[in-house]
Structures are given as C-alpha cells and as structure tokens.
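Asks: This is a predicted model, with the sequence first.
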Amino acid sequence: MKNIQIKSCFFLLLLIYSTNSYCQFSGWKEKALELGTSIGAKKLGLDEVLKKPAAITTSFEDVNQSGSKFPDLIVVKNVQPLYLLPKATNGGFILCEGFFEMTNKSYCLHAGTFLPSKGDGYMYAPILGPKKDIITSILKNAEKHPEINQNDIQVLLWTIIARTRFSDYSGQVKLTAVALLSPIELTHLEGGMLGILPASLMNKAKSKIPDGVQNIFEAENKIRQLVASGNYTYADMEKYAIIAGMAPVRSDIPSGIWSLHPDGYYIRYFPSGYSKTKVQIYVPKEIIASGKSVIYDATNDIACPANTGSQRLAQTNEPLDPNYSIKIKVNCK
C-alpha cells in the first residue's frame, strides 16, 4: 500500500509539471527528491546480492557478427559529416546513401574495466538490461541540456551502473539526475539497486563469483560508497571506474571492423579513451532505393568491445567540435 501511495504522489506531481531550468531545484522537483529518498531498502543477504541483475547486461555475446566485414572489405570514400544530415523527429539522423562520420560524446558503461586501446575491436550491440530505458533517457535528454557538463553525466551513469540507490544520492549527482530524469524515472533508481555492502559480505560474495567479475563487483561497491559519502571528485570516481593498464587485444576482431546494423547499414567505432568516439556509417544505395526511411539514433547503441575486460561505450547524437558552416555534398531528398 505504501508503494502505491508513493507512486500515486509521483503521478500527481507529474500532472502539475512545469518547465524548470537545470539550476532550479524547488517545487515539484524538491518533493520528488523527498519521496525518492523515502523509499527504504532492507538489508540484503548474500544470496539476494548475488541474484541482483546488472543494471546494463550488454556483452559481446549480444553482438550479431553475421554480415560484419573486415576493415579493408569496404572502401571508404567521399565521407560526409553525419551531424549535417536531417534530424529525425524523435532523435538521431535520417540517413541517405553514402559514407558518413562523426566524432561524438561517448560514455563508459562498465565500471572496473580497462580504457579502450588503439587495437581494440568494437562492434555494434543494443543497450540491454533492467536500466536500459533510464540510460537511453539520460542520453536523449542530455542533448537538451548542453549546460550540463559531460563529466557530471558520466558520474550519474557510473552510479546507475554501480546500482546505487537514489536515496544515497547527494550534491551534484542528485542535481544531474533530477535535471535529466522524470519523477517516475527517479523512482526506478531505487528498485533493483544496492546499498553499500559491508566488507564481510563483500568478501563472501567475491569468493562465489569468477575472478574476472570480482574487479567489477568491488568497483561498483566503491562507487556506491563514494556517492553515499557525498565527498568525492571526478578523479576519485574515475579511479574505481577505470582500471590502470591495458586489456589484451583480440586479433580475430580488429579495430575498424564493420558491424551490419539491424536496419541495413554498416557501422564501426574508433574510441579515443571513453569520452569520445569517432563513428563511421556506410549506407548502401539498395537500402535507400527500397524506399525505407533509415534513422541512426546513437542513444540506443553500445560500442561493445570484443575484449570483455574493456569498456562498453554508450554512444550519443552529440557531435564534438562540429563545423556547421560547411555544406553537405550529398542529396538526401
């Protein structure tokens, strides 16, 4: 009954919604925070902790490699800026025949892993997992809030990947969450999330999970501790989210490999660290000739590393250093 009352209150607040700027933090949003932090979470036992699903579950096993092409099998020519293509109503770009590229903001979606290295092969995969809609919503809404720093959005994403409860949020990460998520979405940052796990429970849990997962499990708990403390810098957060060193490279999935997207075009990724990625797209003329409208919306995509020790990278529709003074040289009508 209590949960029903809480949800009812949020729906009421949603009905009286009015536009607020990022810096405003009063009225219905303040009430939303109070309600969000009032949702309690009981202490979990070891079995319950181990059964909690990851917030985002996308792995290389979710990559469909059929139709993929090695880098030299597609000759890239007459590449045009992707960001100059017509915008789609619900986000993204309306594709036309040819080659397009864009260096865009990207985000790490896998705490406790290595930075991308130059030889890493990345392929397309969809965002999957219990918090996929929350992640996509953040990436889409970030386009409407250019005043929000990319680092602040990355911290928010790390806290969600670490399964941090909204009731543990404070300071800037809470402000960012409230600016980018609706009241109803904020309640979803309680369900399925974890509190800070004591050392005794962490040790028991780590003894029951594979070695390769232990770093991730521990990094997520450290992130939850930082958030709850309310006293941390971006460097503090990054220290636990990113492992020093380089993951071994898989020779069977080279850098620059083309993935065949479910919508019929080819896509490949060249990450520079985790915060920016150059995306190249090739749209065969047969796709456009069929009369089908093809839209590239990066907020549904993950650049997924072949090496499981490297970072999954969420993509965005936000170009870095775009030049809008130039004109696109293809006819997209």
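Replies: Okay, I see it.

Asks: How about the contacts made by residue 151?
Replies: Counting by Cβ atoms under 8 Å, 6 or more residues apart in numbering, residue 151 makes contact with residue 234. Yep, even glycine has a C-beta here, placed from its N, CA and C like the rest.

Asks: And the helix or strand harbouring it, what's buried?
Replies: Taking DSSP states H and E as the definition, residue 151 sits inside helix 150-161. The neighbour-count check on helix 150-161 (16 or more other Cβ atoms under 10 Å) flags 150, 152-161 as buried.

Asks: any chance of those in CSV, plus distance to residue 215?
Replies: Below are the buried residues of helix 150-161 laid out as CSV (distance: Cβ to Cβ, whole Å):
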residue, distance to residue 215
150, 25
152, 25
153, 24
154, 19
155, 19
156, 22
157, 18
158, 15
159, 18
160, 19
161, 14
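
Asks: with those residues in mind, which one is nearest to residue 117?
Replies: When those are ranked by distance to residue 117 (Cβ to Cβ), residue 154 comes first, at 19.5 Å.

Asks: For the closest residue in space to the closest one that isn't next to it in sequence, what is the enclosing helix or strand?
Replies: Of all residues not flanking residue 154 in the chain, residue 107 sits nearest, at 5.4 Å (Cβ to Cβ, 6 or more residues apart in numbering). Assigning secondary structure by DSSP H and E places residue 107 in strand 98-108.

Asks: If you tally nearby residues, what's the number for residue 133?
Replies: Neighbourhood size, residue 133 [other Cβ atoms under 10 Å]: 12.

Asks: wait, is it part of a helix?
Replies: Yes: the assignment for residue 133 is a helix, going by DSSP: H, G, I helix; E, B strand; the rest coil.

Asks: Let me see the ranges of the strands in the stretch 101-250 of the chain.
Replies: Applying DSSP state E, counting those that start in this stretch to the stretch 101-250 of the chain gives strands spanning 113-114, 122-126, 242-243.

Asks: Quick one: closest of those strands to residue 269.
Replies: Of all the strands of the stretch 101-250 of the chain, strand 122-126 sits nearest to residue 269, with 4.2 Å by Cβ to Cβ.

Asks: Which positions in that closest one come out as buried?
Replies: For strand 122-126, the neighbour count (16+ other Cβ under 10 Å) marks 122-125 as buried.

Asks: residue contacts, the residue nearest to residue 154?
Replies: 139, 153-154, 157, 274-275, 313-314, 316.

Asks: circling back: pipe the buried residues of helix 150-161 into CSV and attach pLDDT and distance to residue 67 per row.
Replies: Output for these, formatted as CSV (pLDDT from 0 to 100; distance: Cβ to Cβ, whole Å):
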residue, pLDDT, distance to residue 67
150, 98, 33
152, 98, 38
153, 98, 33
154, 97, 32
155, 97, 37
156, 97, 35
157, 97, 30
158, 95, 33
159, 94, 36
160, 94, 32
161, 92, 30
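
Asks: Closest one of these to residue 285?
Replies: So of these, ranked by how close each gets to residue 285 (Cβ to Cβ), first place is residue 150, at 36.0 Å.

Asks: Can you show me the helices along the stretch 201-333 of the chain?
Replies: For the stretch 201-333 of the chain, the helices defined by DSSP state H, counting those that start in this stretch occupy 211-229, 234-241, 285-289.

Asks: Buried residues of the first one, list them for me.
Replies: Residues 215-228 are the ones in helix 211-229 that count as buried (16+ other Cβ under 10 Å).

Asks: pLDDT on it, on average?
Replies: For helix 211-229, the mean pLDDT works out to 82.

Asks: tell me what that helix is packed against?
Replies: Helix 211-229 sits against helix 150-161, helix 199-206, helix 234-241, with contacts defined as 3 or more Cβ pairs under 8 Å, 6 or more residues apart in numbering; DSSP states H and E.

Asks: got the angle for it vs helix 150-161?
Replies: Using axes from the mean of the first three to the mean of the last three Cα atoms, to 10 degrees, the inter-axis angle of helix 211-229 relative to helix 150-161 is 120 degrees.

Asks: Could you check how far residue 125 is from residue 105?
Replies: 19 Å (Cβ to Cβ, to the nearest Å).

Asks: wait, which of the helices of the stretch 201-333 of the chain is closest to residue 89?
Replies: Across these, closest to residue 89 is helix 285-289 (Cβ to Cβ), at 18.8 Å.

Asks: what stretches of the stretch 151-300 of the chain score poorly on pLDDT?
Replies: 191-207, 211-212, 244-248 (pLDDT under 70).

Asks: Go again with 90.
Replies: Scanning the stretch 151-300 of the chain for pLDDT under 90 picks out 163, 170, 190-222, 224-225, 228-231, 240, 242-252, 289-292.

Asks: just to revisit the earlier point, who does the residue nearest to residue 154 bridge with?
Replies: residue 314 (DSSP bridges).
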